[in-house]
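Visitor: Give me a 3D structure for the following:
(2 chains)
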Amino acid sequence: MSTAAKSPTTQDTAQMNGAEIVLKALVEQGVEVIFGYPGGAVLPLYDAIFLQNSVKHILVRQEGGAVHAAEGYARSTGKVGVVLVTSGPGATNAVTGLVDALMDSIPIVCLTGQVPTHLIGNDAFQEADTTGITRPATKHNYLVKDITKLAQTVHEAFHVARSGRPGPVVIDLPKDILMGKGEYKSAEAFKRVSYTPRLDPDPKSIAQAVDLMLSAKRPIFYTGGGVINSGPEASAALTKFVRQTGFPITNTLMGLGAMPAADPLFLGMLGMHGTYEANLSMHGCDVMVNIGARFDDRVTGRLNAFSPNSKKIHADIDPSSINKNVRVEVPIVGDAGRVIAALAAEWDRRIAAGAKPDKKALAEWWAQIETWRKRDCLAYRKSDSIIKPQYALERLQAITAKRDDVFITTEVGQHQMWAAQYLKFQKPNRWMTSGGLGTMGYGLPAAMGVQIAHPDALVIDVAGEASTLMNIQELSTIAQYRLPVKVFILNNQYMGMVRQWQELLHGSRYSESYTESLPDFVKLAEAFHCVGLRATKTSEVDDTINEMIAIKKPVIVDMCVDQMENCFPMIPSGAAHNEMILGPDDKGNKGGGAGPISEEGMVLV
Amino acid sequence: MSKNDPIERHTIAVLVDNEPGILARVVGLFSGRGYNIESLTVAETDAEGHRSRITIVTRGTPMVIEQIKAQLDRLVPVHRVSDLTMEGPHVERELALVKVVSAGEKRVESLRIADIFRAKAIDSTIGSFTFEITGSGEKIDAFVGLMKPLGLAEVSRTGVVAIARGERGM
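Guide: Okay, here's the model as predicted:
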């Protein structure tokens, strides 16, 4: 044992192996939890994990689940989510989650094992070109081929993942690098010169933006995930500023929670399944203030008919998001929180100097918006017997409304849109959903990640039966770590959104959208050491929800809902904001309703 | 975005860290987002700083060109993106090696034309010449066109390299 003779400091540095260097760097970066799955190429890292207590490892059941869990963890805490998977299939299974995080700007660091450097390119066992495969799936990726660069790479990866527009970063770690000896270096020793995202907005564009806002007669705020990513202070500042101006505000799917849903200035979500008042206000506004949203096609509808008479301000931390889909008058590059602070300061300065917003015009605008609100676009046909999915969510909302510790994740489909419409988010970081990529199977592992970060909170995965089956294996993880996650399945036995589109676009030919032989979710829950509950009648909904909340264990609720219910309002693809379908009776081309879906629209997804 | 926007040709210089995969990042960005590459050249230009310079000639509407630059600038190993077409006068050059296989009068004529174009014969056999020619893309096109009836056998071109005129640097 020659090392015993050396001083402790030498031991700290020169004597570490690659795996220990990685772990030490993770600790320095503040990592508390890793979601992962072991395999041959990452055995040295798992050995290092075994020998320490600072970082907790959560063993998932499939690598895809690890990434979504890390996303839920990251989204609900504002921290970087960390994933550890092995080479080859471990890495390829992680790809969907990486693209999901890329599309929704979630900070993730994913460590992937790799075959030893001398075998790279030889089609070795469990070898895949991970950096090649994940290049367009990540914000950035690294293959570490030199142990002297290992610590630096890990530190840099965290910096890239969390700064600017956040996103996923992959570090591919060949096994010989993990086993080789090297020196640990702290993060302070490095700085990447080629990557310096701009955070502070240009004061000139802020002044132009406030000019426009002061002259506005029909203004609207349209804010997105960028505000959430900027931290809870940004949401608080936004709420304050919006109230100061008295302007209406709508949020994107990713931006829900930035403005308290209970605030009368909040018009609800916009876009394809957004509210009537939000979409018509976007269509009719004369000044649009977009902060941290990216004019996604689900939001804009047909581009050449999108908000045709407005001057647009667009603040985004990513310059490539500006003028990508929609040309804007005032581009602002900067962090959402800093942009809001700068706008508010400039607004105050102008008001103090005697500037007068057009209060009369704003009052008229609000009067118009109130008439749209009166259409009550989220109304649906109630039923005393069969459970309407909207009713189940309305009751979930009502029963949990007084609690301050509710976190919601979703899968993807009708239930996701209903959740966005009927659940009311009063705070940021409480809503985890797969927006950009639309990944079925996201919600269950994401809920797991959220519950790890918030052990005492009420974490509910609002799910569809089809989506949740895509990552159902994670129930085993949930059981292992005794996570009291609630899986709230709106079970209509269809891939509901697919069925809805087939009804609207393909003559109700429900091709392969019905699932035969679904599992008995109550028995499934029991098999995975959870509690299963089922409701089949409207009268059972409240009791079932109350029981679900009362049980301090993981619960699967099988809400057997109306199979043919569709999600409204809806802007059909290829249509404009003022061509919404409001409900099942509004399918035709009656006044105000949408015409038949055009050929061009059918091509769109 | 209007379908009637004019298509413009832009020459863009990109200064990057010379690290593995950087070219794949740039090329993948262009193919993944459906941008057009007319030519692309790359080589290390600063060995000490491990920097390479990529010159890309692309075509697109002004909005697409703006997107290309913003997307390039977003790549972590990219230091600077410079739109030479926008930023003032610049010079563009391309180098080509042109092999001509012929005999008799055609062979003599190819040598005469090469002389007019200030192309150098850098390899010759009894039956062939290989010319090196430098200039604008149009000049090389013209030279290659003239060589066609004179026994043109093979062409290798570098693609455009470019630099701003005057004292401005990147």
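Visitor: Which positions in chain B make contact with chain A?
Guide: With the criterion set to CB under 8 Å from any CB of the partner chain, chain B comes near chain A through B:1, B:16-17, B:20-21, B:24-25, B:28, B:32, B:63, B:66-67, B:70-71, B:73-79. C-beta coordinates here come from the backbone N, C-alpha and C atoms, glycine included.
Visitor: cutoff 7 Å now
Guide: Counting by CB under 7 Å from any CB of the partner chain, the positions of chain B adjacent to chain A are B:1, B:17, B:20-21, B:24-25, B:28, B:32, B:63, B:66-67, B:70-71, B:73-74, B:76-79.
Visitor: Specify the local secondary structure of the nearest residue to A:Gln390 once chain neighbours are set aside.
Guide: Of all residues not flanking A:Gln390 in the chain, A:Tyr380 sits nearest, at 4.8 Å (CB to CB, 6 or more residues apart in numbering or on different chains). The three-state assignment at A:Tyr380 reads coil, by DSSP: H, G, I helix; E, B strand; the rest coil.
Visitor: Got the confidence number for the residue nearest to B:His10 when sequence neighbours are not counted?
Guide: Distances taken as CB to CB, 6+ apart put B:Thr85 closest to B:His10, at 4.3 Å, once the chain neighbours are dropped. As predicted, B:Thr85 sits at a pLDDT of 97.
Visitor: now do A:Gln15
Guide: We have a pLDDT of 78 for A:Gln15.
Visitor: Tell me which stretches of chain B form strands.
Guide: B:8-17, B:39-46, B:51-60, B:78-83, B:90-101, B:120-124, B:128-135, B:152-157, B:161-164 (DSSP state E).
Visitor: How about the stretch 201-350 of chain A?
Guide: With strands called from DSSP state E, counting those that start in this stretch, the stretch 201-350 of chain A shows them at A:219-223, A:249-251, A:266-269, A:287-291, A:311-316, A:330-333.
Visitor: Return the distance of the fifth one from the chain's centre.
Guide: Translated: strand A:311-316. Counting by CA atoms, centre = their mean, to the nearest Å, strand A:311-316 is centred 22 Å from the centre of its parent chain.
Visitor: who in the stretch 51-200 of chain A is up against chain B?
Guide: Residues of the stretch 51-200 of chain A lying near chain B (CB under 7 Å from any CB): A:Thr131, A:Arg135, A:Pro136, A:His140, A:Leu143, A:Val160, A:Ser194, A:Tyr195.
Visitor: Pick the one among these closest to B:Arg168.
Guide: A:Ser194 (20.6 Å; CB to CB).
Visitor: and the closest one, how many neighbours does it have?
Guide: Look at A:Ser194: counted by other CB atoms under 10 Å in any protein chain shown, it has 14 neighbours.
Visitor: Show me the shaky parts of the chain.
Guide: Went with chain A since none was named. Within chain A, the stretches with pLDDT under 70 are A:1-14, A:587-597.
Visitor: wrong chain, I was asking about chain B
Guide: Ranges of chain B meeting pLDDT under 70: B:1-3.
Visitor: Now it against chain A: closest residue?
Guide: Taking CB to the nearest CB, chain A has its nearest neighbour within chain B at B:Ala70, 3.6 Å off.
Visitor: Look at that residue and say how many residues are nearby.
Guide: By other CB under 10 Å, 18 other residues sit near B:Ala70.
Visitor: do A:Tyr514 as well
Guide: Quick note: A:Tyr514 (other CB under 10 Å) scores 15 neighbours.
Visitor: residues touching it, list them.
Guide: A:Gln493, A:Tyr494 (CB atoms under 7 Å, 6 or more residues apart in numbering or on different chains).
Visitor: again, only this time at 8 Å
Guide: A:Tyr514 makes contacts with A:Gln493, A:Tyr494, A:Arg499, as judged by CB atoms under 8 Å, 6 or more residues apart in numbering or on different chains.
Visitor: The second one is in contact with A:Tyr510, isn't it?
Guide: Yes: here A:Tyr494 reaches A:Tyr510: they are 7.3 Å apart, a contact under CB atoms under 8 Å.
Visitor: Excluding residues flanking it in the chain, which one is nearest the residue of the stretch 501-605 of chain A found nearest chain B?
Guide: Relative to chain B, the nearest point of the stretch 501-605 of chain A is A:Glu600 (12.8 Å; CB to the nearest CB). Nearest residue to A:Glu600, sequence neighbours excluded (CB to CB, 6+ apart): A:Gly574, at 5.0 Å.
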